[in-house]
Structure formats: structure tokens, C-alpha cells
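# sequence and predicted model, in that order:
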Amino acid sequence: MDANIHATSIAAFIAQTAADPDTAQRFLFATDFDLSSATVLFAQNWQFKSDVVNFYAANPPYPFDILEHPLFEFIPDIARDVSGVPILIVNLRYWRTEWELNSLNSNTVHDPIRDLQWALYWILSKALELPTVQQHGLTLLSNTDDANPSVSVDSMHVILLEFIRNVIPIKLVALIICDSASKSFLSRAWSIVSPQSKFLESFGVKTIQCTRQSLHTYIDPSNIPTDMGGKLYFRHEDWYQNHLPTFSKLDYTRPVLPKTAHHPSVTLNAAQRTSEAEPSLVTELFTDAMVAVSTLRRTSTTSATLPSILSKVSPEVAATYLSLVNEYKETQTSYLSSVGRPMDEFQVSTLRTKTLNQAKTEFGTELHGLDLLDSIKDDLSRFDKDFAKSYSESLYYSLMNQVLDAKKRWEARISSRTMTTEGELNDQCTDLLAEIKPETAPKGVWESVVSAVDELVRKPLIPFIVEEREKDKVKGKGKV
């Protein structure tokens, strides 16, 4: 049955994209044979290829100096996980702070994050030439040793996963995050509930956190490099020198879009748009208060929310459609990043009108163009709703994290007798709320935080103060 379903999906993909059977198989395998997701991935992959061509034609030298350092280590003929899936190792100590994918930089001459993307694109393009990767997919092994503490490790992972899942037709099987030492209970607890970790789960990639001691559960020591406590001897310098002659030998010929049938009522200028627009497949550096920015970028391209109409149009139209929708989202998320709060209703309404007018220009006003326009309206409405929800949740997480940190400090002060009265605690709670209160907050968020301070901090700590005070009284009587 599966074989018949897969054959039908391949035939449908070829009919829509004019791709060859191997390409169809690759894109469908990467998306678990979800036809709609596969065709969108095909369009976005084509768009990125076009940008690669533009960059290599206009901005030599090539960005492969990134690969001179072992940020990525790929030795598929040797390194496999216990299931036989090839491993791409990512050493986060070489992550650069400028790789933030901040949409505010989208109008600059060159965004530093693009160097990372092109280098990763080169690595994974080579990986896709291997039968083992085509058959089994790829596991990412993230080595967090000496990662820059000023950059969230989860943010690094999101930037990598989002780019791969949205641009590269490769099946990601698992993300193994290896820490050199065990985390504290508090760190492990926060990693379970943090918005960043929750967002990683949305990729549909199995995420495993382990220490070096437990890494062998997932990868045999013979497949783990010696610098991670394994037995595999690997010199990145040798790998770099061996591959250096091939770095400039990728096929940089501008990809030709397949000649697919499309409705004449649709006005196309996707070729110009592709070369001018920044890719929508970007994620900003996480902060606790703005995790909604990245969450909404990802949810906009999951198979659950992809409009079915994109599986019925040519890749040019799909790319144009996605560019319009994501430009709308990028404008809102960029505003959130720079101002620290979402747009107001008037600003959103103005942006919405502008986007819909652009859509009318792109797709025309005949029947098929109106279908695309209705679909875009639905996408924008869903985004606005999800944006408000995700921003509320992430802001609440951020505020509660500060509340719990304060509670921990106050517990230590009570134990050390530098806070001894209920009045002092009440004053501290009042000062904390005044300090962390945002200028604006969605309805219900701030009220929930105020209630949590009372229920989770004030009420539990008052008995603690009384208990410690009684202990001191007993000790005082004993001395007498």
C-alpha cells in the first residue's frame, strides 16, 4: 500500500514541477511524502539556489572560510548513529555572534548569516549525493562544549533546523544535543518548559539531550570523535585541504524553473522578486520575551498550515505567494524585535491592506487569482491570531522566569537571615512587580503574573520566614 501511495505522490509531484523522478523522490522523502510540503520545499529550494547564484556571481571570494574551522564535521562513511543514520557534527564553539538572522539587517548589502547558510548548503548538497543519506536521512550531533554563553544554544539549533527543513530536501532524523557535564536540576527543568525547547519540538525532529557519558547510548564510541570522548580519530585540517579544490566546483549555473502549466490569469514576476527579496526562511536570535518571532516563522511553513492551493500551482507562483505572506510576517516580527512590543491594530490593518493590494497585482482578479487572494487572507488572519497567542505565552514565560529567579534569591536571603520579616518580603514583591511590568501586555498576561507572585512566592515564603524565626527563638532560649 505504501509503495502505491509513494508512486502516486511521485507522479503528482512530477506533474506539478516537471522534476525528474530522483528529485521527486528526494523532496518527498524529506517531507514524509507530504505532497503539499514537498512542492513548497521545491519552490523555496529553487529560490535559495537563485540567491546562491547571485551571490557567487557578485561577491567573491566564496564564504568557505567558515569551513576552515570545524563548525561542521561530516564523515558519513564512518560516523553513524546506532540506527545506521549518517551524522553531521556541529561544534557550537565556532558559532559566530553575528549569526543572528535579524530581519532588521535584511536591507544591508550582505547579511553575515548568509555565509553560514551557503556553507551549510554546500555541506548538505554533498551529503545528498550519498546513497546512505538518500536512504536513511541525517542525524545532527550538536557539541555544546565552550559554546558562546551570550548566544542561546537553542537559538543556534533553531537557526540550523529551520534553514535545513525549509530549504534542503534532506530528512532530519534526530538532533542529539551533547553537553560535557550534567545540567543542574533547575537547568533541566527549565529546558523542559522553556519556549525555545518547546519550539524545537515543533520541527518534528526527535530531540535528545545527553552528556558525554550517555552519548554512547545513541552513537557507538567508535563513531564519536576523540575530542568528544570517543575513539574516532579525525583531523578537520586534512578534510579541509582535501575538499578545498572542490569548494568552487558546485554547479552554480542559474537553475531553470520547469515549464509547468499555470493559469494565464496569474501575473508572474517571480523571477525579479526572487533575485531582490530576502529569503523568508530566517529566524531571529531568541530572547525569552520574543520567542514568538521564530515560532510563528516555523508554524507558517508546517504541513498543517500550508494552503492546499500551493500544491496546484507552479513553483514560481508558490514562491511569489510565500514571499508575500512572509514579508507580511517579517514586517511584524521585525517591529517586535526593534520596539519590544507588537504593532497596534491600526498598524496591522495598514500592513494588511498593503499586502493584499500587492497580491492583487501579482495574481490578477480572475477566478484563480481570487482563489490565491482568499488563501492569502486566511494565512494573514491565522498568523495574526497565532502571533498574539505566541507573544502572550512567550512574554508570560519571560516574566515568570524572572519571578522564579527572585524567589530563589529570597529563599537564600531568608536562610541567611538577611530577610527576616513578612514586611520585607511584601516590599520585595511590590518592587519586583514594578521592575518587571512591561509597558504594554496582552490581556490576562500581567494579571496572571501578579497572581503567581502571590500564590507561588508570597504565600509559600511567609511560612518559611516564620519557621526560620521560630528556629532562632529556640536557639536563643537554648543559649540562655
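Great, that's in hand.
# all strands of the stretch 201-350 of the chain, in order?
206-211 (DSSP state E, counting those that start in this stretch).
# low-confidence regions, it specifically.
Applying pLDDT under 70 to the stretch 201-350 of the chain flags residues 201-202, 244-307.
# dump the residue contacts of the closest residue to residue 210 other than its chain neighbours.
In this structure, residue 210 finds its nearest non-sequential neighbour in residue 178, 5.8 Å apart by Cβ to Cβ, 6 or more residues apart in numbering. C-beta coordinates here come from the backbone N, C-alpha and C atoms, glycine included. By Cβ atoms under 8 Å, 6 or more residues apart in numbering, the contact set of residue 178 is 141, 142, 143, 144, 210, 211, 212, 215, 228.
# make a ChimeraX selection of the buried ones in these.
Buried subset of the contacts of residue 178, written as a ChimeraX selection, criterion 16 or more other Cβ atoms under 10 Å:
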select :141,142,143,144,210,212,215,228
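# from the contacts of residue 178, pick the one nearest residue 317.
residue 142 (36.8 Å; Cβ to Cβ).
# that closest one reaches residue 177, doesn't it?
Yes - between residue 142 and residue 177 there is a contact at 4.8 Å, judged by Cβ atoms under 8 Å.
# which neighbours do these two have in common?
153, 157.
# which strand or helix spans residue 442?
Using DSSP states H and E, residue 442 sits in no helix or strand.
# contacting residues around the closest residue to it other than its chain neighbours?
Spatially, and ignoring its direct neighbours in sequence, residue 442 is nearest to residue 392 (4.2 Å; Cβ to Cβ, 6+ apart). Applying Cβ under 8 Å, 6+ apart to residue 392 gives the contacts 442, 444, 445.
# test my guess that the first one contacts residue 395.
Just to be clear, that refers to residue 442. Yes - between residue 442 and residue 395 a contact is recorded at 7.1 Å, counting by Cβ under 8 Å.
# shared neighbours, the two?
Shared contacts of residue 442 and residue 395, defined by Cβ under 8 Å, 6+ apart, are absent.
# of the two, who's got more company?
residue 395 (25 against 16; other Cβ atoms under 10 Å).
# what helix or strand does the more buried one sit in?
helix 367-415.
# again with residue 448
Assigned by DSSP H and E, residue 448 falls in helix 445-452.
# quick one, strands of the stretch 51-200 of the chain?
For the stretch 51-200 of the chain, applying DSSP E, counting those that start in this stretch gives strands covering 72-74, 87-91, 138-143, 172-179.
# next up, the contacts around residue 422.
462, 465, 466.
# could you do residue 224 as well?
Shown in contact with residue 224 (Cβ under 8 Å, 6+ apart): 79, 215, 216, 230, 231, 232.
# specify which member of these is nearest to residue 355.
Using Cβ to Cβ, the contacts of residue 224 come closest to residue 355 at residue 79, 45.5 Å.
# quick one, domains of this structure?
63-246, 272-393, 402-479 (automatic domain parsing).
# so can I have TSV of those showing distance to residue 18?
Converted to TSV, the domains of the chain look like this (distance: least, Cβ to Cβ, whole Å):
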stretch	distance to residue 18
domain 63-246	16
domain 272-393	9
domain 402-479	46
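# re earlier: check the residue nearest to residue 442 and give its pLDDT.
Reading off the confidence values, residue 392 has pLDDT 81.
# and it, how far is that from residue 438?
11 Å (Cβ to Cβ, to the nearest Å).
# sorry, back to before: just so I know, which of the domains of the chain lies nearest residue 37?
Closest to residue 37 of the domains of the chain, according to Cβ to Cβ: domain 272-393, at 4.3 Å.
# hmm, back to that, of the contacts of residue 422, which is the most crowded?
residue 465 (19 neighbours).
# tell me the confidence at it?
Reported pLDDT for residue 465: 91.
# now the angle between helix 367-415 and the strand or helix carrying it, please.
Under the criterion of DSSP H and E, residue 465 resides in helix 459-479. Here helix 459-479 points in a direction 10 degrees away from that of helix 367-415 (axes from the mean of the first three to the mean of the last three Cα atoms, to 10 degrees).
# distance from the chain centre to helix 459-479, please.
Here helix 459-479 is found 49 Å from its chain centre; the criterion is Cα atoms, centre = their mean, to the nearest Å.
# pull the residues that contact it.
So helix 459-479 is contacted by 407, 410, 411, 414, 415, 417, 419, 420, 421, 422, 425 (Cβ under 8 Å, 6+ apart).
# what would the residues you listed look like in CSV with distance to residue 165?
Shown next, in CSV, are those (distance: Cβ to Cβ, whole Å):
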residue, distance to residue 165
407, 38
410, 42
411, 42
414, 47
415, 47
417, 53
419, 49
420, 54
421, 54
422, 52
425, 47
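# now the buried members of these.
Counted by 16+ other Cβ under 10 Å, the contacts of helix 459-479 give 407, 410, 414, 419, 425 as buried.
# from the residues you listed, pick the one nearest residue 449.
Distances from residue 449 to the buried ones among the contacts of helix 459-479, taken by Cβ to Cβ, are shortest for residue 407, at 12.8 Å.
# sorry, back to before: any idea what the residue nearest to residue 210 is bridged to?
Under DSSP bridges, the beta-bridge partners of residue 178 are residue 143, residue 210.
# could you check how far it is from residue 229?
Noted for residue 178: a distance of 9 Å to residue 229, by Cβ to Cβ.
# try residue 323
Separation of residue 323 from residue 229 (Cβ to Cβ) stands at 45 Å.
# and of the buried ones among the contacts of helix 459-479, the nearest to residue 385?
Closest to residue 385, out of all of those and judged by Cβ to Cβ, is residue 407, at 33.1 Å.
# does that closest one touch residue 457 like I think?
Yes - contact criterion Cβ under 8 Å: residue 407 and residue 457 qualify, at 4.8 Å.
# list residues touching both of these two?
Common neighbours of residue 407 and residue 457 are not found (criterion: Cβ under 8 Å, 6+ apart).
# hang on, residue 426 packs against residue 458?
Yes - counting by Cβ under 8 Å, residue 426 touches residue 458, with 7.1 Å between them.
# the two: who's more crowded?
residue 458 (17 against 12).
# need the nearest residue in space to residue 70, chain neighbours excluded.
Spatial nearest neighbour of residue 70, chain neighbours left out: residue 236 (3.8 Å); criterion: Cβ to Cβ, 6+ apart.
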